[in-house]
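Q: sequence first, predicted coordinates after that:
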Amino acid sequence: MKRRSAILGCAMMFVLAPIGAFAQEATASGLAISGGFMRASPMVAAAGAGFMTIRSTGPEDRLVAFRSPACSQPELHTHVNDNGMMRMRQVDAIDIPAGGEAVLQPGGLHLMFINLTETLEEGAQVPVTLVFEKAGEVAIELPVKRAGAMN
Ligand SMILES: [Cu+2]
């Protein structure tokens, strides 16, 4: 995976996908993050969720935490089927297999932004720092899409 400048990456993604999805960022440490987004959330103090695909072009890694100025209580979550009811549950880490990927998507794994510090307005960019066990910290920006967006 060649490293390219964030500006060039954004410009290319904007041409190819004007709806959004320009949070794409490649790291030198063998992780490629693509398709990141959040959903617009109308009220302050509500929670928000972040989604993306994290691919490893090298060894296995684990997403162990994240930080964002958009919330005061970031958690890693998944959904579990509890007698037919889908419930969110906190997880310690999200595994990215060697040469494979972890998909964070609605109804599954996600970044949970608890105690939002600001309203998530459609069109905004939310700075997020992902913390990986091996790759360390990776800064990205997640575009805010309309409420209910699936990708
Ligand atoms: Cu959640």
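A: That came through fine.
Q: now the longest strand along the chain: mean pLDDT?
A: Counting by DSSP state E, the longest strand found in the chain is strand 71-82. What strand 71-82 shows for mean pLDDT is 95.
Q: show me what counts as buried in stretch 134-148.
A: Judged by neighbour count using 16 or more other Cβ atoms under 10 Å, the buried positions of stretch 134-148 are Ala135, Val138, Ile140, Glu141, Leu142, Pro143, Val144, Lys145. Where you see a C-beta, it was placed from the backbone N, CA and C, and this is true even at glycine.
Q: from these, which is closest to the ion?
A: Distance to the ion, by Cβ to the ion, is smallest for Leu142 among the buried residues of stretch 134-148, at 14.8 Å.
Q: ok, back up a step: what pairs with whatever helix or strand comes next after the longest strand of the chain, parallel or antiparallel?
A: Following strand 71-82 in sequence order, the next helix or strand is strand 85-90 (DSSP states H and E). Strand pairing for strand 85-90, determined by DSSP bridges: strand 71-82 (antiparallel).
Q: check whether the partner strand contacts the ion.
A: Yes. Strand 71-82 is in contact with the ion by Cβ under 5 Å from the ion, via His77.
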